[in-house]
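S.K.: Have a look; sequence and predicted model below, questions after that.
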Amino acid sequence: MHLLSQKKWPILIGLAPAIIVYFLFAIIPIVISFYYSLMDWDGFTKMTFVGLANFKEVFNDPIFWQSLKNNLYVLAASVFGQVPIALFFALLLNRKLKGGKFFRTVGFMPVVISTVVISLVWGMMYNARIGLFNQFLKIIGLEQWAQNWLGDPKWAMVSVSITIIWQFVGLYLIIFLAALQNIPQEIYDASEIDGASGLKQTIYIVLPMIWDTIIVAVILCISGSLRTFDLIYVMTSGGPGHATEVMAMYMFDKTFSSTRYGYGSAISLCIFFFSLALIYISNLILRRKTV
Amino acid sequence: MKKFRILSFLLVVMLLSLTACSGSSEQSSGKSSDDSEGKIELTFWNIWTDPSPQNKASLKQVEKFMKEHPNIVIKQQNIPHDQYKVKLKTQAAGKQLPDLIQVWPGAELKPLVDGGLVQPLDDIVSNWDSLITNKDYLKDYQISGKQYAIPANVTPTSVVYYDKDMLAKVGYNEFPKTYEEFKTLIKKLKDSGTIPIALGNKAQWVLQSSYISTIGDRLTGSDFLKSVLETGKKKFTDEKFIKAVGIIKELADMGAFNDDFNSIDNNQHRDLFISGDAAMMIDGAWSLGPVLEAAPNKHIGLALFPQVDGGLGDPTAVSAVTGTGIAINSELKGEKLKAAQEFLKAFYGEDYYKNLMKADILVPANIEPPADISPQLKEMAELTSKKIAPVYDATLPTEVTDIINAGLQEVTLGTMTPEQLAKKLQEAVDKQK
């Protein structure tokens, strides 16, 4: 301990490896992509400086706005789907339920399955001809409800969102359960003596106690849904048309398949600033509630 | 105190060595050494990793060359296809390409040429005059009149596979000759309860590569794309092109495809055809092998997309792309250049094309087919050897290809009209200039 109080430089040396790695792989790429975003470059021929033309094009690109809209859609589905459902099940599992461990494992299962596997399996279930959902609807006589889930632009985003919700509920379930189990038994006892039980206890005692965890979960949700890529890439690859295109995927396509590194970098910077803004806003909103 | 000094010193050393690693040891592949007893060493990248018959034949050809030319050493790097393309693009950006580079035609080759990374083969191209008699096959690897590689194989991307028995059931013993008749056939098949055409367009390139490349050619003729891209005399907004897109829309609207055609992929559509759920499929020559293997007892007929009224194109033309070309690095000079040219001459020899044909692969060379190739391959070779039309994604810049890929899907969904797609494509082409 005396070492730390005497000199500061050993601390710096200790931190250096982590900081260098962080700079190399996180900060410098952001700076480089800012540089690229001012260029017109296909990766083979010479770069030419085009100023802010790439950004201008991004803002006038209807597909980019469509992908942003889809990102927000995923975000809404995650925040208003994953978090409440996870919270509900966590509260349920927190009671001394018979087979609680079993349900907990089942709930967590989707999180550990590879996204590609999930996408392929759900893709089959959504299939219009032989898929589970349409077959089921047919059997119970609701054939008119059957849809071309992934093939119809009206339904594709809904279908994808349902899968995303299903995939991540387990993760938040575990986080909430851990938070709930941190609440001391005495508080429950005390509140019960004061006459609060059931719903009242949940709303006035339990939720405020785990509010910080909920904020963390919401922020995880937001950043997670802005990064959405793999699931949609495998399930629909952005189709039909651009109905399920999300920002990360559009950036990938523009950069590596259309080989427009400059334009792709401009898109990724937009994603970066947009995510920062969103997280900042959500922080503001949620913080106010805690007071 | 002393202990800590030593510790921190050690840390610094470790750190320095860590960061130093990334700096050095980075100039291998690109340049090569001419030493080792006057031997000439050529580096060569290709994608021949998996043991497919074509890859085996290619590797054998390299070995044979080295045996016959003991003074030349070909140092290969075999890289899987998808990684290869990424590696090529990144190494090209850093000007670290090998001496010999496997290249794909058209839009994939053009940036390499524009970047001055590969050199033309015009000095030696006459070597193949007697072997590749149909000059159409060389066009894919030509950029502004210069030849950059020699193709090893030809891949027609748009062949109609049909189940002879299922067509006979609805009264067709022969494949319809015109588009109007083809539509009647589709209606009859639909009424009989089968899927007329199996299609899996989830990845979006199928409608472009296997459909519009040939259907477009039927209407616009084979010079259309060149004229649009180079001289600008023709435009995507031409009525003929719009009509070609309209045909795809018409097929989708009349229910010619399985309902889920936008959510399954091309392997799944092949399964639909093999299982007998669908009577036809329009697919590239690459599906012939898998279909024959999975359904040896099926009576499969092969045909080209029928003639369309008012079209400018030749109804015997089929969109095809050539492949497995090898380009020479533009930095090669003198002795090494000679060695590289020698290698190409020996590599694309008659024996190589014969070996490929034996492996059920169509080749651009005009050679007598070996007696033991499968009858279906023979049929395919005859059907597709008359006239070659360009494939859209091998001709268009990648940016434009992306637009037509997504656009055709939207047209089939009704969220975009053929006119809108044509306009969008023309705008993208204009922007490239």
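M.R.: Alright, I've got the coordinates.
S.K.: hey, let's count contacts and neighbours off CA atoms from now on
M.R.: Fine.
S.K.: Contact residues of chain B facing chain A?
M.R.: When proximity is defined as Cα under 8 Å from any Cα of the partner chain, chain B approaches chain A at B:8, B:11-12, B:15, B:89-90, B:92-93, B:111-112, B:114-115, B:202-203, B:259-263, B:398-399, B:402, B:406-407, B:409-410, B:413.
S.K.: Around residue A:256, how many other residues sit close by?
M.R.: Applying other Cα atoms under 10 Å in any protein chain shown, we find 16 residues neighbouring residue A:256.
S.K.: and the gap between it and residue A:229?
M.R.: Counting by Cα to Cα, to the nearest Å, the gap from residue A:256 to residue A:229 is 15 Å.
S.K.: coming back round to it: I would like a ChimeraX command selecting only the buried ones among the residues of chain B next to chain A, please.
M.R.: In ChimeraX, this line selects whichever of the residues of chain B next to chain A come out buried by 16 or more other Cα atoms under 10 Å in any protein chain shown:
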select /B:8,11,12,89,92,93,111,112,115,202,203,259,260,261,262,263,398,399,402,406,407,409,410,413
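S.K.: how many neighbours does the residue nearest to residue B:265 when sequence neighbours are not counted have?
M.R.: Distance criterion Cα to Cα, 6 or more residues apart in numbering or on different chains; nearest residue to residue B:265, sequence neighbours excluded, is residue B:200 at 4.3 Å. Residue B:200 has 25 neighbouring residues, counting by other Cα under 10 Å.
S.K.: How about the backbone phi and psi for residue B:200?
M.R.: For residue B:200, the backbone dihedrals are phi -130, psi 100 (criterion: degrees, to the nearest 10).
S.K.: where are the low-confidence patches of chain B?
M.R.: B:1-37, B:433 (pLDDT under 70).
S.K.: now swap in the stretch 151-291 of chain A and tell me
M.R.: For the stretch 151-291 of chain A, applying pLDDT under 70 flags the ranges A:288-291.
S.K.: So which residues on it come close to chain B?
M.R.: A:151-153, A:236-237, A:239-242, A:254, A:257-259.
S.K.: tell me the contacts of residue 66?
M.R.: Here I'm looking at chain A. Residues in contact with residue A:66 (Cα atoms under 8 Å, 6 or more residues apart in numbering or on different chains) are A:242, A:243, A:245, A:246.
S.K.: that's the wrong chain, I meant chain B
M.R.: If you count contacts by Cα under 8 Å, 6+ apart, residue B:66 has them with B:72, B:73, B:74.
S.K.: what's near enough to touch residue B:225?
M.R.: Contacts for residue B:225 were tallied using Cα under 8 Å, 6+ apart; they are B:390, B:392, B:395, B:396.
S.K.: Which residue comes closest to residue A:243 once chain neighbours are left out?
M.R.: residue A:153 (5.4 Å).
S.K.: Touching, that neighbour and residue A:245? I think so.
M.R.: No. In this structure, residue A:153 is not within contact of residue A:245 by Cα atoms under 8 Å, at 11.0 Å.
S.K.: So for those two, which residue has more residues nearby?
M.R.: residue A:245 (27 against 19).
S.K.: Quick check: the more buried one is in a helix.
M.R.: No. Residue A:245: not assigned to a helix; according to DSSP: H, G, I helix; E, B strand; the rest coil it is coil.
S.K.: Please list all residues in contact with the residue nearest to it when sequence neighbours are not counted.
M.R.: Among residues not flanking residue A:245 along the chain, residue A:238 sits closest, at 4.1 Å (Cα to Cα, 6+ apart). For residue A:238, the contacting residues are A:232, A:244, A:245, A:246, A:249, by Cα under 8 Å, 6+ apart.
S.K.: Per the annotation, how does chain B divide into domains?
M.R.: With domains defined by automatic domain parsing, chain B comprises B:40-152+B:324-348, B:156-320+B:388-432.
S.K.: Okay then, goodbye and thanks.
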